[in-house]
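Visitor: Need the 3D shape of this:
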Amino acid sequence: MLQLDLRTRLVVWLLVPLAVFILVTGWTSYEAAQQTAELIEDTALLSSARTIIEDIEWVDGSFTATIPPAALELFASPYKDQVFYKVVSGHNRLLTGNPDLATPPQIGTQPVLFDTTLDGVPVRAVAFSRELYDSGNAERVVVIVGKTQASRHGMLADLWRPQLIRECLMLAFVAVLVPLGLAVELRPLLKLRDDVAGRQPLQIEPMHAEGLPRELQLIVDAINQCIAQLKLHAQAQRQFIADAAHQLRTPLALLDAQLQYASRSDRDETQGWNALLGARRSTEKMKKVTTQLLLLAQAESAPRRTRSKTDMAAVVASVLEELIIAAQRSNIDLGAEIDGDFMVAGNSELLTALVTNLVDNAIRYTQEGGRVTAAVGREGETVVLHVIDNGPGIAADDRARVFERFYRASASTEGTGLGLSIVREIARLHDGNVDLGPGPEGTGLTVTVRFPAWTSAEDDHETIASRGQC
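Guide: Below is the predicted model of the structure:
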């Protein structure tokens, strides 16, 4: 069934129930026609027996049985059935008729209908009894009338066959009309298929829903929403590749020039050594840019559901331990304000990258002898991370643009221009947000990141999940 095409499956689903319905109704119609034919035949037999028994009289102390023509005319039909009768007195004396016609063993005051055979031919018969009185004497008389079944079978066919033919014609009509209707109704779907099949590999455009049935319009709308998301993702990927190519082109060109300069034979060792040192710096910058680009790509494509209970205080403490040496080189006071555990639903690796970028930026842009502080607290149902420095800060006009890729508010310090872009993407992945503001004394910069706090409902969900894994 699943290997058939949609049109064939729909035809099967329509025709099979209809065929079963016709089969059931045909059988019930046959039963009803059979009951009707039997009722009509039995009524005719009983009427004939009553007509005959009413003409039986006492004459000179004995019965006289005369068969009126009307009693036999009741059975006139084009099927030419044979009619049999006999009249028997109470002493089992045959008054008239065919002696071979069977008599039922029990005859009461009510007519008895029964099936029998005569000369090997099936016969339907009725036995009707009546007591006749004469001069105080009473004697029972039994009239038995039977006939062959040709008219009964003919009546059954006349009643049932036309209805069966009508139902079969209806089934044939539906079998022809349904595929035709499906071909017409599925034409928009085939047109939609051709629209999709005829597209170029990079043609990420919405599908047209005009002229489609309402059910298909809902499907097309859902597909168009998916196409819109794919288009945004493709645009982001193309922009990412373009930005990466632009940022890597400069250090690669510089590295090539430095290596060429170092390899020239007319340069002394000092100049060659300086050129190699420059090449090393270019290589380190390219390595850092590549690392940041990969981290940004990871932040943009990481699934939202791969999150677990994470302590932001522990994340901040581990980052500060790694960056303490870099702060000491610049004589910067690196400190933390953490009091307690502050749990969020997150990816510990990405959250570590977020804090690292913020603290590293603060260290690099803060002047020698400055101060950088990382603080974690809670505001209601939100865990708040502050990274505060007393450096030059960021002008209010530049605070919105610094989240753009490769944008740098200051050219005095080396950087990739990706740090805050990475921070924003990781925060967005964790349903958080990032704000920039001045330092506590109006100087420097305060970066504030807010995350939804871990809830007890998430605790229960994680417990159930861990039990399921066990």
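Visitor: Mean pLDDT per helix and strand in this protein: which one sits at the bottom?
Guide: Of the helices and strands making up the chain, the lowest-confidence element is helix 456-469, at a mean of 52, by mean pLDDT, DSSP states H and E.
Visitor: Tell me the spacing between residue 100 and residue 84.
Guide: 8 Å (C-beta to C-beta, to the nearest Å). (C-beta placed from N, C-alpha, C; glycine too.)
Visitor: So between these two, which is more surrounded?
Guide: Between residue 100 and residue 84, counted using other C-beta atoms under 10 Å, the more crowded position is residue 84 (21 against 9).
Visitor: Contacts only, for residue 85.
Guide: 48, 52, 67, 71, 96, 97, 98, 101, 143, 144, 145, 146 (C-beta atoms under 8 Å, 6 or more residues apart in numbering).
Visitor: So the nearest residue to the third one once chain neighbours are set aside, which state does it fall into?
Guide: Put plainly, it is residue 67. What sits nearest to residue 67 in space, not counting adjacent residues and going by C-beta to C-beta, 6 or more residues apart in numbering, is residue 52, at 6.0 Å. Following DSSP: H, G, I helix; E, B strand; the rest coil, residue 52 is assigned to helix.
Visitor: Was I right to think residue 52 contacts residue 143?
Guide: Yes: using C-beta atoms under 8 Å, residue 52 makes contact with residue 143 at a distance of 4.9 Å.
Visitor: what sits in contact with each of these two?
Guide: Common neighbours of residue 52 and residue 143 (C-beta under 8 Å, 6+ apart) are 85, 87.
Visitor: Neighbour count for the two, which is higher?
Guide: Applying other C-beta under 10 Å to residue 52 and residue 143 shows that residue 143 carries more neighbours, namely 29 against 26.
Visitor: can you give me the strands in this protein?
Guide: 57-59, 62-64, 83-89, 94-97, 112-118, 121-134, 137-148, 308-311, 333-338, 343-346, 371-379, 382-389, 433-438, 445-452 (DSSP state E).
Visitor: mind showing which ranges of the stretch 51-200 of the chain have poor pLDDT?
Guide: Within the stretch 51-200 of the chain, the segments meeting pLDDT under 70 span 59-63, 134-136.
Visitor: change it to 80
Guide: 56-77, 79, 90-92, 108-109, 132-139, 182, 185-200 (pLDDT under 80).
Visitor: Reformat the strands of the chain as CSV; add distance to residue 106.
Guide: Shown next, in CSV, are these (distance: least, C-beta to C-beta, whole Å):
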stretch, distance to residue 106
strand 57-59, 26
strand 62-64, 22
strand 83-89, 14
strand 94-97, 19
strand 112-118, 7
strand 121-134, 9
strand 137-148, 12
strand 308-311, 90
strand 333-338, 108
strand 343-346, 90
strand 371-379, 100
strand 382-389, 97
strand 433-438, 99
strand 445-452, 92
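Visitor: To residue 11, which of those lies closest?
Guide: Shortest distance between residue 11 and the strands of the chain, using C-beta to C-beta, is found for strand 121-134: 44.6 Å.
Visitor: In its sheet, which strands sit next to the closest one, and in what direction?
Guide: strand 112-118 (antiparallel), strand 137-148 (antiparallel) (DSSP bridges).
Visitor: which of the ones you listed is buried the deepest?
Guide: Of all these, strand 137-148 has the most neighbours on average by mean count of other C-beta atoms under 10 Å, namely a mean of 20.
Visitor: sorry, back to before: would you mind grabbing the residues shared as contacts by residue 100 and residue 84?
Guide: residue 118.
Visitor: How are the helices of the stretch 201-350 of the chain distributed by residue range?
Guide: Ranges of helices in the stretch 201-350 of the chain, per DSSP state H, counting those that start in this stretch, are 214-263, 269-301, 312-329, 348-365.
Visitor: among these, where is the model least confident on average?
Guide: Mean pLDDT is lowest for helix 269-301 among those, at a mean of 64.
Visitor: which residue is nearest the middle of the protein?
Guide: The chain has residue 219 as the residue nearest its centroid, 11.4 Å off, counting by C-alpha atoms, centre = their mean.
Visitor: quick one: it and residue 192, what's the gap?
Guide: Applying C-beta to C-beta to residue 219 and residue 192 gives a distance of 9 Å.
Visitor: which residues are common contacts for the two?
Guide: Joint contacts of residue 219 and residue 192 (C-beta under 8 Å, 6+ apart) do not exist.
Visitor: Just the buried positions in stretch 308-326, please.
Guide: Buried residues in stretch 308-326, counted by 16 or more other C-beta atoms under 10 Å: 310, 311, 312, 313, 314, 315, 316, 319, 320, 323.
Visitor: The first one pairs with what?
Guide: Using DSSP bridges, the bridge partners assigned to residue 310 are residue 344.
Visitor: correct me, but it touches residue 342?
Guide: No: proximity of residue 310 to residue 342 does not meet the contact threshold set by C-beta under 8 Å, at 9.5 Å.
Visitor: any residues in contact with both of these two?
Guide: By C-beta under 8 Å, 6+ apart, no residue touches both residue 310 and residue 342.
Visitor: residues contacting the residue nearest to residue 67?
Guide: Per C-beta under 8 Å, 6+ apart, neighbours of residue 52: 65, 67, 68, 71, 85, 87, 143, 145.
Visitor: what number of residues lie near the second one?
Guide: The burial metric for residue 67, expressed as a neighbour count using other C-beta under 10 Å, is 18.
Visitor: That one contacts residue 95, correct?
Guide: No: Residue 67 lies out of contact with residue 95 (C-beta under 8 Å); the separation is 10.4 Å.
Visitor: residues contacting residue 79?
Guide: Counted by C-beta under 8 Å, 6+ apart, residue 79 has contacts 150, 151, 153, 154.
Visitor: in terms of contact, does the first one touch residue 83 like I think?
Guide: This points to residue 150. No: using C-beta under 8 Å, residue 150 is not in contact with residue 83; the gap is 11.4 Å.
Visitor: Show me where the stretch 301-450 of the chain dips below the pLDDT cut-off.
Guide: 301-307, 340, 394-422, 440-442.
Visitor: Repeat the analysis, applying 70 as the threshold.
Guide: In the stretch 301-450 of the chain, residues with pLDDT under 70: 301-307, 405-419.
Visitor: Roughly how far does the closest residue to residue 175 other than its chain neighbours sit from residue 28?
Guide: Of all residues not flanking residue 175 in the chain, residue 15 sits nearest, at 5.8 Å (C-beta to C-beta, 6+ apart). As judged by C-beta to C-beta, residue 15 and residue 28 stand 20 Å apart.
Visitor: Then residue 138?
Guide: For residue 138 relative to residue 28 (C-beta to C-beta), the value is 48 Å.
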